[in-house]
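>>> Okay, here's the prediction I keep looking at, along with the sequence it came from:
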Amino acid sequence: MGDKIVMKDNFLFGLFKKFSIYSIRSKMTICFLALGLVPILVFGLISDQMYLQNLHKNVASYSEQVIERVDKNLETYISDIENIMRLRSNYYFQQYSKLNEAGDIEGNRKYTVRIWETFDSLKQMKTDLVDIRYISHSGSAISCYGRYWGDITTEPLYSELVLQKKDVVAIQSPHLNILNKKVFSIGQAVNRTEKGDMGIMAIDIDVNFLNKICSDIKLGETGFVLFEKDGKVVFTPQSSEKHGFSNTITQNPKLTDSKDGNFIESINNTNYIITYKTSEITGWKIIGVTPEAEMTREISTLRGVFFWLITLIIIIILLLTTYLTYVLTNPMRKLRSIMKQASENDLSIYADIRTRDEIGQLASSFNKMMNQIRELMDKVKDDQQKIRVMEMKAMQELIKPHFVYNTLDSIIGLLEQNRNDDAIDIVDSLGKFFRTSLSHGREVVFIREEIDHIRSYLMIQQFRFSYKFDYLFEINDEIYNFKTVKLILQPLVENSIYHGIRNLDKKGLIVINGYLKDEQVIFEISDNGEGIGEEKTQQLNRIMAGEEEVEDQNMYFGIRNVNERIKLNFGSEYGLKYQSKVSVGTKVVVNIPQIGR
Amino acid sequence: MAKDRFFNKTRLVYLILALLIALPGCGGSTTEKNKGTEPNTSYEENSNNTQKKDIIIAMVPKSLDNPVFLDALEQGERVGRELGIKVEWLGPMQSDTNVQIAIVESLIRRRVDGIVISCIDPAKIKPVIDKAVKAGIQVATFDSDSPDSSRLFYCGTDNYAAGVACGKALIKEAKEKGMDKQVLDVLLMTADKESNNLNKRLNGFLETVRHGGIKLNITDTLYCNDDVNIAGDMLENHIRTGNTPDVFFSTGGWPFVSPPESLPGFHAWCKNGGISILVDTYYPVLEAAEKGLADALVGQNFNKMGELSIKNLYKAIRGEKVPSSFIDTGLELGDKSNFAKLLEGKQRWEIK
């Protein structure tokens, strides 16, 4: 179960992912199509089902009416035939019957001719009548074709009529008559005696009459009506035989279950709506067979119309969608194009979108952003320029000529004193000093290099000042691999030497601490020199914080240079801060960000 | 005694075997494959038509509505009763060869013992007569023959002789009226073009008249299709057109079955010297002749046709020899001198 949910989630996720790769325009097109089509399709499907159900109901109802009509036609016709058979009570007929039984040949001539004429007149009037015949109990028969002999007991109608006490009609299913014509017969007992003897008056009707009463009935294009009795086909139109399934229908057990009803039966992979009713007068089942497909052809047409309507709607939606998405997404595409240009370093670009919607607002923000970027870029350029200038000044400040002369003089003095090893050490330190000062032109160096640089500087100065001070490094190992702006410690150490320690009567000490605090690298350069007054310390800190301008640009040049270079490189929250007490010493704290590890 | 019983048993076995073989052929249902627009369903034939115990001879007239055949029917029935056989009378209501053929076909299916038929169209009826004969049915013709068929005999009038008698009557009448030297316009009436008997009468009449030196101009021929109801109307209408002939000759008595009063125009024509000669001497024809509508009549004997055809066919069914292939029923000659006498010997038709 859980797996299924995961799969489903994966599927949905995949679908969403696939969907997400499309452009907004495609998404909008899909959404518009879905919004347009889904209601139509749902409406169409529901309508289709309802219409189909209704159609089935109507077809069944119509078929029932049709069959009812066939039954009524049949009943009406049989009633007419019953009326014709009343001539059995006719005077001439009775005379004929009596004289015929009496064997009076001469006396019966008149009645014989009259009966033939009457039969012929009836045939002329009712063209479906094939023959009218009377068979006496002795087997003497008179019909439209003359007089002949038969056996009344073998007459199929006899077996049915002999059991009836009243003069009801009996129907004989279609058969071949004396002239081999296909007829069905309606018969009635005549002159029934107390002994049970009786004659039969029978009227043969052309089976095509059944065709006729069914022919004006429409059950689709190939639907038809057939007649059944005791599981056998009584009559079926020829059109039904090409299907070859009249027998299949009549032998269907559903037909025997009730007198009337309807059901759908599949024969040869085709569905047929079968409606049936039992005729009271004939006992035949009248069966209407309607191909379902013909009845639902109308719905197929509707489906066709619906299909074309949907197609038309899709085309309209596509056109509208194309237009609308173009109108809606065009500013976005324009903006995207502009942004792309901007991303390719064309910062002069300007989004000319004048809509007041979200896209317009976005374009406005973009323009503002571009302005800011341009300003920032200008500022960066300025800052870089400044950094270069200040670095240059720092270098000039660093490599002061008298520092170099004095150092070189000191080296000469050592050489004169044959203190070669010391001279070598100083020369080595001086070399390192200059090398690390240049740093291959890099502005930012590893703290390790900055420490090495200041270590070389202190060694040279310690020698120059004849070990008037000691120095101490307390550097946390963690910070060595972080980066810093170069040449920030040397001016500070130099200030400690020249302004703090040089005029001291005692031995000076310079301590350089380096550690991490609050994700910042902190340097502290402390000396035990003369110190500076509180007012001056505060003034220095205000200048370092940018709260106060200096009157003379040469004033505090070294520390301002360091302070500004730190701020330019890392931000205004970084820089220098002084703490000092007169006759105690001075401590300058440098904070920079942890970068470059 | 025991031997007789053995033979009786053997006969019984043979009889049962014969029945088993014969019954499916004669008593079973027949089916017909539909060829027309009718449904393709098999139907059974009514079984009562196929059972028979007595000898049945079916007489097939040209039509049921022509009363001239009734004498033959009644006499045939009388003879049938005498002989202990059943005589049937089956035919089309109106003259129709196709129905006649269908009736003979049905008689073949029913396997009647004999058929006596008055042929409407000898050529068309021939195949079905041959078929019946092949089926073992004894077939004869009466009144109108089909000489090319395999029928056993023809029982009826010598139709050519009847025509000759009519021709002689015309010659006599023409001479008496002084019209024998002129070309006589003749109006003819017959049933149809096909009837062999009627054509023979016509030929006999025309040939005799011509041989007698009288020239004839046939102005028209009326075909009444053996219908007594329309024949009188046809004749009366023709005479009333004003195109009056000198002679009227009919191969049958159809026009006079109608009451003579219904033919005033024709009656007037006769009074004005028109010569009217017809075949048939049954009651209505003689009655009309007696009232002045005919100068001469040559009659057939339908009683004899019924009698002799049944008797001789019965003989044939029993395996006895029939005397001849032509059984002549003779002629009855009538003219103004004996119409009344002949009428006395006839029975009035009481068919209406």
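Received, thanks. Residues are numbered from 1 along each chain as shown, chains lettered A, B, ... in the order given.
>>> Show me chain B divided up by domain.
B:56-157+B:301-321, B:159-299 (the TED database).
>>> Could you tell me how many residues sit around the closest residue to chain B within the stretch 351-500 of chain A?
Nearest residue of the stretch 351-500 of chain A to chain B, counting by C-beta to the nearest C-beta: A:D357, 77.7 Å away. All C-beta atoms are positioned from the backbone trio N, CA, C, and that covers glycine. Burial of A:D357 is recorded as 11 neighbouring residues (other C-beta atoms under 10 Å in any protein chain shown).
>>> One more: A:N10?
11.
>>> Quick check: it is in a helix.
Yes - with DSSP: H, G, I helix; E, B strand; the rest coil as the criterion, A:N10 is part of a helix.
>>> What is the subsequent helix or strand relative to the longest helix anywhere in chain A?
Identified as the longest helix of chain A according to DSSP state H is helix A:24-84. As assigned by DSSP states H and E, the chain's next helix or strand after helix A:24-84 is helix A:91-102.
>>> Can you name the element that comes right after that next one?
Per DSSP H and E, helix A:91-102 leads on to helix A:109-125 as the next helix or strand towards the C-terminus.
>>> Now do that following helix: everything it contacts.
Residues outside helix A:109-125 that contact it (C-beta atoms under 8 Å, 6 or more residues apart in numbering or on different chains): A:84, A:87, A:90, A:92-93, A:95-96, A:99, A:129-132, A:134, A:142-144, A:146-147, B:64-65, B:67, B:70, B:74, B:93, B:349-352.
>>> and those, which are buried?
Listed as buried from those are A:84, A:87, A:92-93, A:95-96, A:99, A:129-132, A:134, A:142-144, A:146-147, B:64-65, B:67, B:70, B:74, B:93, B:349, B:351; burial here means 16 or more other C-beta atoms under 10 Å in any protein chain shown.
>>> Please identify which helix or strand holds residue 234.
Chain wasn't specified; assuming chain A. strand A:232-235.
>>> hm, I was asking about chain B
helix B:228-240.
>>> What's the mean pLDDT across that helix?
Averaging pLDDT along helix B:228-240 yields 92.
>>> now stretch A:29-44
83.
>>> in that stretch, what counts as buried?
A:29, A:32, A:36, A:44.
>>> what ranges do the helices span in the stretch 301-450 of chain A?
All helices of the stretch 301-450 of chain A, identified by DSSP state H, counting those that start in this stretch, fall at A:358-398, A:401-416, A:420-438, A:447-464.
>>> outside of the shortest one, which residues touch it?
Contacts of helix A:401-416 from elsewhere in the structure, counted by C-beta under 8 Å, 6+ apart, are A:420, A:422-423, A:426-427, A:430, A:460, A:463-464.
>>> again, only using 6 Å
For helix A:401-416, the surrounding residues in contact (C-beta atoms under 6 Å, 6 or more residues apart in numbering or on different chains) are A:422-423, A:426, A:430, A:460, A:464.
>>> which ones among the residues you listed come in contact with chain B?
Filtering the contacts of helix A:401-416 for neighbours of chain B using C-beta under 6 Å from any C-beta of the partner chain leaves an empty set.
>>> Would you reformat those residues as a markdown table and include pLDDT and neighbour count?
Formatted as a markdown table, those follow (pLDDT from 0 to 100; neighbours: other C-beta atoms under 10 Å in any protein chain shown):
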| residue | pLDDT | neighbour count |
| --- | --- | --- |
| A:D422 | 87 | 16 |
| A:A423 | 89 | 19 |
| A:I426 | 88 | 23 |
| A:L430 | 87 | 20 |
| A:I460 | 90 | 22 |
| A:R464 | 87 | 16 |
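>>> Tell me the one among those residues nearest to A:S159.
Distance to A:S159 across these (C-beta to C-beta) is lowest for A:L430, with 149.1 Å.
>>> Go through the contacts of helix A:109-125 and flag which are in strands.
A:129-132, A:134, A:142-143, A:146-147 (DSSP state E).
>>> Now for the residue of the stretch 401-550 of chain A found nearest chain B: which residues touch it?
Closest to chain B within the stretch 401-550 of chain A is A:E519: 105.1 Å, counting by C-beta to the nearest C-beta. Listed by C-beta under 6 Å, 6+ apart, the contact partners of A:E519 are A:Q594.
>>> and it, what pLDDT?
pLDDT at A:E519 comes out at 90.
>>> just B:G156 next, same as before
93.
>>> tally of neighbours for it?
B:G156: 27 neighbours (other C-beta under 10 Å).
>>> Same question for the one 5 residues further on.
As a burial measure, B:A161 scores 16 neighbours (other C-beta under 10 Å).
>>> Could you measure from it over to A:N513?
Between B:A161 and A:N513 the distance, using C-beta to C-beta, to the nearest Å, works out to 173 Å.
>>> try B:N303
Distance from B:N303 to A:N513, by C-beta to C-beta: 170 Å.
>>> Now for A:I24: which residues touch it?
By C-beta under 6 Å, 6+ apart, A:I24 lies in contact with A:T329.
>>> and it, how far is that from chain B?
As for A:I24, its distance to chain B is 70 Å (criterion: C-beta to the nearest C-beta, to the nearest Å).
>>> And A:N177, by the same measure?
The value you get for A:N177 to chain B, if C-beta to the nearest C-beta is used, is 7 Å.
>>> about what we covered before: ok, which of the ones in strands among the contacts of helix A:109-125 also contact chain B?
Applying C-beta under 6 Å from any C-beta to the ones in strands among the contacts of helix A:109-125, those adjacent to chain B are A:146-147.
>>> Which residues of the stretch 51-200 of chain A lie near chain B?
A:105, A:109-110, A:113, A:116, A:120, A:145-151, A:154-155, A:174-176, A:178-179, A:182.
>>> In ChimeraX, how would I select just the buried ones from those residues?
Filtering these down to the buried ones (16+ other C-beta under 10 Å) takes a single ChimeraX command:
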select /A:105,109,110,113,116,120,145,146,147,148,149,150,151,154,155,174,175,176,178,179,182
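>>> List of residues touching stretch B:312-321?
Contacts of stretch B:312-321 (C-beta under 6 Å, 6+ apart): B:57, B:83, B:113-114, B:116, B:138, B:140, B:152, B:322.
>>> Identify the farthest-apart pair in the residues you listed.
Applying C-beta to C-beta across the contacts of stretch B:312-321, the maximum distance is between B:L83 and B:L152, 16.9 Å.
>>> who's A:H175 bridged to?
A:V183 (DSSP bridges).
>>> Contacts only, for residue 254.
No chain was given, so I picked chain A. Contacts of A:K254 by C-beta under 6 Å, 6+ apart are A:F263.
>>> Oops, wrong one, chain B.
Here B:W254 is in contact with B:224, B:228, B:231 (criterion: C-beta under 6 Å, 6+ apart).
>>> do A:G596 as well
A:482-483.
>>> where does the longest helix of chain A sit relative to the chain's centre, distance-wise?
32 Å (C-alpha atoms, centre = their mean, to the nearest Å).
>>> Also stretch A:372-389?
Stretch A:372-389 sits 51 Å away from the centroid of its parent chain (C-alpha atoms, centre = their mean).
>>> likewise stretch B:317-327?
Worked out by C-alpha atoms, centre = their mean, stretch B:317-327 lies 20 Å from the chain centre.
>>> Check stretch B:105-114 too.
That offset, for stretch B:105-114, works out to 20 Å (C-alpha atoms, centre = their mean).
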